[in-house]
Each structure stands twice: as structure tokens, then as C-alpha cells.
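1. could you look at this predicted model? Sequence included:
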Amino acid sequence: MTTNQTLIRNLSYPVIDGIRFYAAFIVFVEHILSGIVLEYFKVPASEFGYSSNSQSLSFLYYLADGNHGVDIFFIISGFLMARIISKESFSYQSFISARFKRIYPAFLASLVITAAIVINVFGWPWKPIDFAYNMIFLNAFPQFGVMPYNHVSWSLGYEFAFYFVIPVLALFSRVIPSWVAASILMLSAALLIPDSLIRFNALFAGALIGTLSESTLKSVAAKLPMAIVLPAFIGCGVLKAVMQLPYLTYYWLFIPCASLLFIRLVWGPSLLGNILSMPAFRKLGTLSYSIYLYHSVIGSLVLYKLTPWPASIGGAVLCFITTFVLTLIASYLSYQIFEKWYFRSSTKGRKLDPVKTNS
């Protein structure tokens with residue numbers, strides 16, 4: 001449940017809310033900072049990258065390289081989905097119904113609002129068929145050529161596609177240990193999923209974590225020094241920047257490091273975990289879904305309608321701060337209207353029961 005006053009939900013793993021906000025914030029920084037550099041200061045896209053001749057631009061690109069926030073969301077989602085199906089009362093029909101109620105109202109509202117803005121303010125064409133395809137998340141798959149009226153919603157297409165795998169994990173878990181079933185699915189995904197859809201793999205990594213027992217996860221966390229897993233997590237991005245790693249190489253380094261850090265933060269004591277569990281970050285984590293849905297279109301509105309031109313450092317700072325504040329306001333309203341009811345009425349809003357065995 002979530003109280004009106006605090007926005008803090010009753011969770012088995014409070015630190016996950018803080019991790020959610022971190023993931024949403026680095027995606028926010030990626031889109032807003034990139035927009036400022038490319039559209040406000042008119043830096044050519046070819047110059048904004050790790051191979052840039054300008055160290056300042058390379059550093060800004062490092063700060064803006066936050067796309068891995070989506071992969072963190074996927075790890076969390078895979079973990080939570082595996083925990084849900086581990087319940088003896090699991091019903092696939094109830095599961096899909098609950099996920100639809102949780103995700104779709106806020107998504108649909110954001111799609112309508114975002115489409116109205118990009119069409120009426122920025123002159124995008126109105127394509128009813130494409131809008132309908134957005135409603136079923138086909139914009140997540142470039143091969144369909146769908147105009148993405150709210151481009152960040154591509155990740156929801158991955159989420160819903162993953163839900164079709166849940167019955168397989170549930171069925172396998174009846175005859176073999178659930179962690180073995182999840183391992184088989186994760187390995188199969190790594191071998192069979194094409195490189196163009198590689199980011200599905202983070203969902204399977206999270207699902208494997210979700211099938212492990214509390215005792216196993218606590219034991220693993222106790223053996224993972226924060227002094228190693230946190231630098232390893234950060235080091236993935238540093239290596240990507242310094243060595244200009246191909247994305248696939250970086251991705252297969254990042255997912256294990258992010259998964260291990262997730263385990264360490266959730267099941268082991270740490271200063272960073274304590275910080276992420278603070279009330280302020282938990283409240284922001286509660287708003288993270290709506291932050292993700294609205295930040296990009298708000299950033300465009302602020303940049304082109306509220307930010308003073310010609311470009312200046314002061315204007316860039318004003319754009320970033322204004323976008324963040326307006327995104328928080330929009331996210332709070334979105335949560336109150338389209339999300340809070342779910343946590344108040346659905347049993348899915350209660351604490352997850354910890355997995356006690358690996359079978």
C-alpha cells in the first residue's frame with residue numbers, strides 16, 4: 001500500500017525503490033543532456049561521442065550515456081516477475097490482468113498526451129494506424145517502422161513480450177528446480193535472441209535472481225565485497241568510454257556486473273543501500289515509472305518553448321532544472337491519477353513473499 005502523505009510503499013526490499021529512481025534519473029540525464037548538446041548548442045552528432053576530438057564533449061557524452069538505466073529496470077522487472085510466479089496461488093490469467101492494470105493506464109495516458117504535444121506543437125504527422133500500433137507496443141521493434149509517438153515506451157514492448165515467457169518458467173519449475181529452469185531459459189535467450197533484441201537478456205538475468213532463495217541470495221551478497229562490485233559496475237561504463245568497446249561487448253560485461261551489484265544492494269548491508277533506502281529516494285522511486293514516461297516530451301517542450309535562445313550555459317542549466325521540476329510535477333499527478341489506485345486495490349501491491357527454497 002502507498003499512503004497519500006509519503007508515497008512510500010510497503011515493500012519487502014525497500015532499496016529497490018531507490019534503484020528504480022537511479023535508473024530513471026540516468027535515462028532522464030541521457031535524453032535531456034543529449035538534447036541540450038545536440039539541439040540547443042547544435043553540436044554535430046558525429047562530434048558528440050567517445051571518439052570526439054573534444055575532451056569536453058567526450059566527457060559530456062559519458063555523463064549522457066545512461067541508456068543502461070533501462071537494463072537496470074529490466075533486471076528489477078525480471079526479478080519481480082519470477083517472485084510473483086513462485087507463489088503457490090499463481091494464475092497466469094490473474095498475472096496478466098494485474099500487469100495490464102499496473103502498466104497500461106499510465107502508459108495510455110502518456111501516449112495520448114505525448115502524441116497530442118508532438119503533433120500539435122512540433123508538427124509530427126497524425127497516423128492513426130501508427131498510433132494504434134503504439135498502443136500494442138509495436139514501436140518497440142524497428143522492423144515494423146512504427147512512428148513512436150512516445151519513444152521511451154519501447155521498453156514496455158519488451159516487458160509485455162517477456163510476459164509470454166512467464167508460463168514457460170512456471171511450467172518448468174514444476175518439474176525441475178526453478179533456478180535451473182531460469183538458468184536454462186537465460187542460456188537459451190542468450191543463444192537464440194538476435195543481437196538487435198539483445199536487451200531482452202536483462203529480463204532473464206533478473207528472473208534467475210528471482211528464483212533463488214533468500215538464504216542463497218544473502219549468502220551470495222555476503223561474499224560480494226562492495227569495494228569490488230561497485231567499481232566493476234562503474235568500470236563497465238569507463239571501459240566502454242576509454243576503450244570504445246562495441247556495444248555487444250559492453251552489454252555482456254554490464255549485465256553480470258549490474259546483476260551482482262543488485263544482489264549486493266538488496267541482500268547485503270551497505271552505505272549505498274542505506275542511501276538508496278532513504279525516504280526521499282523511495283518516494284522518487286515510486287514516481288519512477290511516470291518520470292520515465294514523461295521526461296522526454298517535457299524536455300522538448302522546455303527546450304523549445306521555455307529556454308532562452310541563443311544557446312548559453314545559463315540557458316542549458318535552466319532547461320535541465322526546469323525539465324526536472326516539471327517532470328516531477330507531471331509524474332506526481334500521473335501517479336495519483338493512474339497508478340495509486342492499483343496499489344490501493346490490488347493484492348499485487350502487497351509485500352512479495354520471499355522464496356524459501358530453490359525448488
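-> That came through, no problem.

2. what distance do you get for residue 11 to residue 80?
-> 10 Å (CB to CB, to the nearest Å). Backbone N, C-alpha and C define where each C-beta goes, glycine included.

3. so where's the longest helix in this protein?
-> If you go by DSSP state H, the chain has its longest helix at helix 92-120.

4. that helix packs against which elements?
-> helix 128-135, helix 154-163, helix 166-172, helix 288-301, helix 313-334, helix 340-345 (3 or more CB pairs under 8 Å, 6 or more residues apart in numbering; DSSP states H and E).

5. phi and psi next, for the residue in the chain sticking out farthest from the centre.
-> Distance from the centre of the chain peaks at residue 310, with 33.7 Å (CA atoms, centre = their mean). For residue 310, the backbone dihedrals (degrees, to the nearest 10) come out as phi -70, psi 170.

6. which residues touch residue 236?
-> By CB atoms under 8 Å, 6 or more residues apart in numbering, the contact list for residue 236 reads 250, 253-254, 257-258.

7. can these go into a markdown table with extra columns for neighbour count, pLDDT and secondary structure?
-> Converted to a markdown table, the contacts of residue 236 look like this (neighbours: other CB atoms under 10 Å; pLDDT from 0 to 100; DSSP: H, G, I helix; E, B strand; the rest coil):
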| residue | neighbour count | pLDDT | secondary structure |
| --- | --- | --- | --- |
| 250 | 19 | 98 | helix |
| 253 | 17 | 98 | helix |
| 254 | 23 | 98 | helix |
| 257 | 19 | 99 | helix |
| 258 | 24 | 99 | helix |
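
8. what is the nearest of those residues to residue 233?
-> Nearest to residue 233 among these is residue 257, at 4.8 Å by CB to CB.

9. list the contacts of the closest one.
-> By CB under 8 Å, 6+ apart, the neighbours of residue 257 are 229, 232-233, 235-236.

10. do you know how far it is from residue 244?
-> 18 Å.

11. what does residue 182 give?
-> 33 Å.

12. burial measure for residue 115, as a count.
-> 21 (other CB atoms under 10 Å).

13. for residue 251, what are its contacts?
-> 71, 198-199, 201.

14. ends of stretch 191-208, how far apart?
-> 16 Å (CA to CA, to the nearest Å).

15. repeat for stretch 87-95
-> End to end - CA to CA - stretch 87-95 spans 11 Å.

16. list the buried residues of that stretch.
-> residue 95 (16 or more other CB atoms under 10 Å).

17. hmm, who's touching it?
-> Stretch 87-95 has contacts (CB under 8 Å, 6+ apart) with 84-85, 163, 166-167, 170, 353.

18. and that stretch, what's its mean pLDDT?
-> In this model, stretch 87-95 has an average pLDDT of 87.

19. again, but for stretch 307-324
-> Average pLDDT, stretch 307-324: 97.

20. contacts for it, please.
-> Contact with stretch 307-324 is made by 28, 32-33, 36, 40-42, 295, 298-299, 302-303, 306, as judged by CB under 8 Å, 6+ apart.

21. so, low pLDDT: which residues of the protein?
-> 1-5, 346-359 (pLDDT under 70).

22. sorry, back to before: now render the contacts of stretch 307-324 as a markdown table, adding neighbour count and distance to residue 138.
-> What follows is these, written out as a markdown table (neighbours: other CB atoms under 10 Å; distance: CB to CB, whole Å):
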| residue | neighbour count | distance to residue 138 |
| --- | --- | --- |
| 28 | 25 | 25 |
| 32 | 25 | 26 |
| 33 | 20 | 29 |
| 36 | 23 | 30 |
| 40 | 18 | 32 |
| 41 | 16 | 34 |
| 42 | 9 | 33 |
| 295 | 26 | 22 |
| 298 | 24 | 24 |
| 299 | 26 | 24 |
| 302 | 22 | 29 |
| 303 | 21 | 28 |
| 306 | 13 | 33 |
